[in-house]
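Visitor: model the structure of this input:
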Amino acid sequence: MKDCGTSFHARHLKRSLDYVMNPEKTQNGRLVGAINCQVDNAFEQMMATKKLFGKTDKRQGYHIILSFKEDEVNPDTAFEITSKFVEEYLGKAYEAVYVVHDNTDHIHSHIVFNSVSFLDGKKYRYEKGDWAKYIQPITNKLCEEYGLSIIDVDDGIKEKKHENYKDWNEYREGSFVWSDMIKRDLDACILQATDFNDFKELLSEKGYEMKQGKYLAVKPPGMTRFRRCKTLGQDYEEERIIQRIASEDISYYQGKQNSKKAVIVKCKVKRYRRAKMSGLQKKYYAKLYRVGKLKKRPYSQVWKYKDDIRKMEKLQAQYLFLARHEVHSAEELVAVVSNLTDKKKEASREKSRTYKAKARFQPIFEIADKIKELDAAKECYQNGDDFFEAEYNQWNQLCEELKNQGYSIDEVEALRKKYADKYSVDCAMERAASKELKIGQSIWNELVSVTEANVREEQIKENTRNKDRKEQPRR
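Guide: Residues are numbered from 1 along each chain as shown. Next up is the predicted model:
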């Protein structure tokens, strides 16, 4: 959240806090928490910290959103996970407010925290890659404890395989191959252009939009985001494009063609592969294209049918639902939806029972964790290093305490794994029941909508007929 100017530096910070703590989205304030500050006067305490260290300008705060998979977690569990995340990531230095919003299909949490540390006045600084190194590993660890889905990340040394604009854009736009289209159009314009300005005009004629800042970026028709040309390869960087415009002419392509011998390729039906156009032919074809003799056609129109594809997939899921449950009438559909509702509730109750059963053993798990932390110090002491005598004594005391409760380290780990596996199975069953129930409810809602529309149409027709009877002249 940036500085809004001298009139009110922290306007964005104040608005963010007001937004995330909206009672209508947080069960009337029940799903709101804070750390190192009070919920009711969090903004005032954050501003007091800024004034104390003389850092009331520039970056005012930060906003993190943790989004959970649909129907995978309930609001209370999400709030508990968010609380642990905030305590581990920010609890030692920053004032933060965290909330859970359950007013949408996807339960998610918001974390708004001060940019200035209340301990030493240092400003929080996010470096590139901190998400993969620090933030996501914490959320993964917490989600694994609760049997939830995680996002795989590398250890920060290797670059994340899919962390680039190309794959992100393909995810946003759908599974359509834009790169090949853009490369072909760029190559065609490079071949036709006489200079860089001419190259830009040719791209514009094809329907492209272009941005020239630090990097050259283009956006073809149907794409909602600009694509940096440098992500397509070194041959598509701005400097390289200028070089290619100057070098790739008729002689360039003639030289490439002369280096290859013509070969006739035969196939089973005795047809010959069509020869590629020469550089001169391409030049002539390009001129015909530019003067409008050839009809301009976009490379692909697939993007227009995304909504139809989604609709088809929805209809297919509904059809398979009706076939699985052998539904032939509205009464049977109501019975199936009622049965699935009961199944989902039972799955949720079973998951809750498993979680509560695991929670009863939490003190034993904590003792085992402390013993593991002291294992290295115990080994050092046994090897003759008296510096770790206190840690060794604490290790013995914890082992004795665990033994008095009737467990060994191996038994505790087996117990922990048992409940973790059981909780994962319960979550999977709850998600499956919820997904099935959602499909059934969507069919029912559409059926009700159609019925209501038919009733309204009949009412309108009846009103029209009554009006016509009243307006007829009496004899």
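
Visitor: would Arg465 count as being in a strand?
Guide: No: Arg465 sits outside any strand when classified using DSSP: H, G, I helix; E, B strand; the rest coil, being helix.

Visitor: okay, it and Glu457: tell me how far apart.
Guide: For Arg465, the distance to Glu457 equals 13 Å [CB to CB, to the nearest Å]. Quick note: C-beta positions are derived from backbone N, CA and C, even for glycine.

Visitor: how about the helices in the stretch 351-475 of the chain?
Guide: Counting by DSSP state H, counting those that start in this stretch, the stretch 351-475 of the chain has helices at residues 362-382, 389-404, 409-471.

Visitor: just checking, what packs against the longest one?
Guide: Helix 409-471 makes packing contacts with helix 306-324, helix 330-360, helix 362-382 when contacts are defined by 3 or more CB pairs under 8 Å, 6 or more residues apart in numbering; DSSP states H and E.

Visitor: let me have these in JSON lines, extended by mean neighbour count.
Guide: Shown next, in JSON lines, are these (neighbours: other CB atoms under 10 Å):
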{"stretch": "helix 306-324", "mean neighbour count": "12"}
{"stretch": "helix 330-360", "mean neighbour count": "15"}
{"stretch": "helix 362-382", "mean neighbour count": "15"}
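
Visitor: nearest to Leu119, of these?
Guide: Leu119 lies closest, by CB to CB, to one member of those: helix 362-382, at 24.6 Å.

Visitor: what's that closest one packed up against?
Guide: For helix 362-382, the elements it packs on are helix 389-404, helix 409-471, judged by 3+ CB pairs under 8 Å, 6+ apart.

Visitor: now do the first one, average pLDDT.
Guide: This points to helix 389-404. For helix 389-404, mean pLDDT rounds to 90.

Visitor: Asp120: neighbouring residues, count only.
Guide: Other residues near Asp120 number 8, with proximity taken as other CB atoms under 10 Å.

Visitor: so what's it closest to, chain neighbours aside?
Guide: Ala93 (7.8 Å; CB to CB, 6 or more residues apart in numbering).

Visitor: which helix or strand contains the one you found?
Guide: Secondary structure from DSSP states H and E places Ala93 outside every helix and strand.

Visitor: that one and Arg59: what is the separation?
Guide: Taking CB to CB, one finds Ala93 at 15 Å from Arg59.

Visitor: look up phi and psi at Asn28.
Guide: Per-residue torsions, Asn28: phi 60, psi 40 (degrees, to the nearest 10).

Visitor: for the residue most central in space within the chain, phi and psi?
Guide: Residue closest to the mean C-alpha point of the chain, counted by CA atoms, centre = their mean, is Ser67 at 7.9 Å. As for Ser67, its main-chain torsions (degrees, to the nearest 10) stand at phi -110, psi 130.

Visitor: what residues are up against the residue nearest to it when sequence neighbours are not counted?
Guide: Leaving aside its sequence neighbours, Ser67 sits nearest to His108 (CB to CB, 6+ apart; 4.4 Å). His108 makes contacts with Ile65, Leu66, Ser67, Phe68, Ala78, Val100, His101, as judged by CB atoms under 8 Å, 6 or more residues apart in numbering.

Visitor: quick check: the gap between His108 and Val100.
Guide: Distance from His108 to Val100, counting by CB to CB: 7 Å.

Visitor: shared neighbours, the two?
Guide: Taking CB under 8 Å, 6+ apart as the contact rule, His108 and Val100 both touch Ala78.

Visitor: out of the helices and strands packed on helix 409-471, nearest to Arg244?
Guide: Closest among those, using CB to CB: helix 306-324, at 33.6 Å.

Visitor: ok, and what's touching that closest one?
Guide: Under CB under 8 Å, 6+ apart, the answer for helix 306-324 is Gly174, Val327, Leu333, Glu436, Ile439, Gly440, Ser442, Ile443.
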